[in-house]
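J.: Can you look at this prediction? I've put the sequence above it.
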Amino acid sequence: MSIQVTPIPRLTTLTTPAFTLGTANTAGSAITGVASDSTLLVFDATLPDAITFGQSGSAGSATVSSRRDHAHATASVTTASQAEMEAASSTTAFVTPGRAQYSPVAAKVWGRTNTSNSLTGEYNMTGLTNHGTGDNTWTYDTDFSNALYVTLVSMGGTERIVNADAQAQGSCRVRSWVADSPYSASNAQTNFVAFGDQA
């Protein structure tokens, strides 16, 4: 019986690893070896894609991976200014809760009283000044830019005549009468709201 002896080389030539990352397992054909302390190309220094509003997704084609602690840049967010809210023309600036009040369609002040002339709910009001039965001045916390704004007043109870006058930047006087004959001043549950441009 013969014995086949295969000589084992004392030195093995090692080459730089050429492993690649892919989407499927593929057998290689090289017959060279690599050292156990070799470094494999897995990451690179390419900056990740910036995230923008409305961008489409993509599977990508890179043959290396991003690092675990990588960071994407994002699109800047523009917050609407008071002027932009008042102009109501921008379609790219975002509205924050603190700026929504400047929109032309937003009520700048509102309030509600009971039949005792006491505020039971309000927004942007400092209070009421009572001048007599059915006669109150509503005072605002933040004033309007001028006296040219719209006020709406409704009252509960029987049919009433309402007059909103002495309208100023920071207040409005509201008077009411019962629509009988003759008209008589009367307190009533009152709802007050105003729209316009704030200072």
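T.: That came in fine, so what should we check first? Numbering: from 1, shown residues only.

J.: helix/strand/coil for the nearest residue to Gly22 once chain neighbours are set aside?
T.: Nearest non-adjacent residue to Gly22, counting by C-beta to C-beta, 6 or more residues apart in numbering: Thr63, 7.1 Å away. All C-beta atoms are positioned from the backbone trio N, CA, C, and that covers glycine. Using DSSP: H, G, I helix; E, B strand; the rest coil, the structure places Thr63 in coil.

J.: what's the worst-scoring helix or strand of the chain on mean pLDDT packed up against?
T.: One helix or strand of the chain scores below all others by mean pLDDT, DSSP states H and E: strand 184-185, with a mean of 76. In this structure, strand 184-185 packs against strand 171-178, with contacts taken as 3 or more C-beta pairs under 8 Å, 6 or more residues apart in numbering; DSSP states H and E.

J.: quick one: the strand it packs on to chain centroid distance?
T.: How far strand 171-178 lies from its chain's middle: 38 Å, per C-alpha atoms, centre = their mean, to the nearest Å.

J.: got the CA coordinates for that strand in CSV?
T.: C-alpha atoms of strand 171-178 as CSV (Å, rounded to 0.1, in the frame of the first residue of the first chain):
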residue,chain,number,x,y,z
SER,A,171,-62.1,98.1,24.3
CYS,A,172,-65.7,98.2,23.1
ARG,A,173,-68.9,99.3,24.8
VAL,A,174,-72.0,97.1,24.4
ARG,A,175,-75.5,98.2,25.5
SER,A,176,-78.7,96.3,25.3
TRP,A,177,-82.4,97.0,25.6
VAL,A,178,-85.5,94.7,25.7
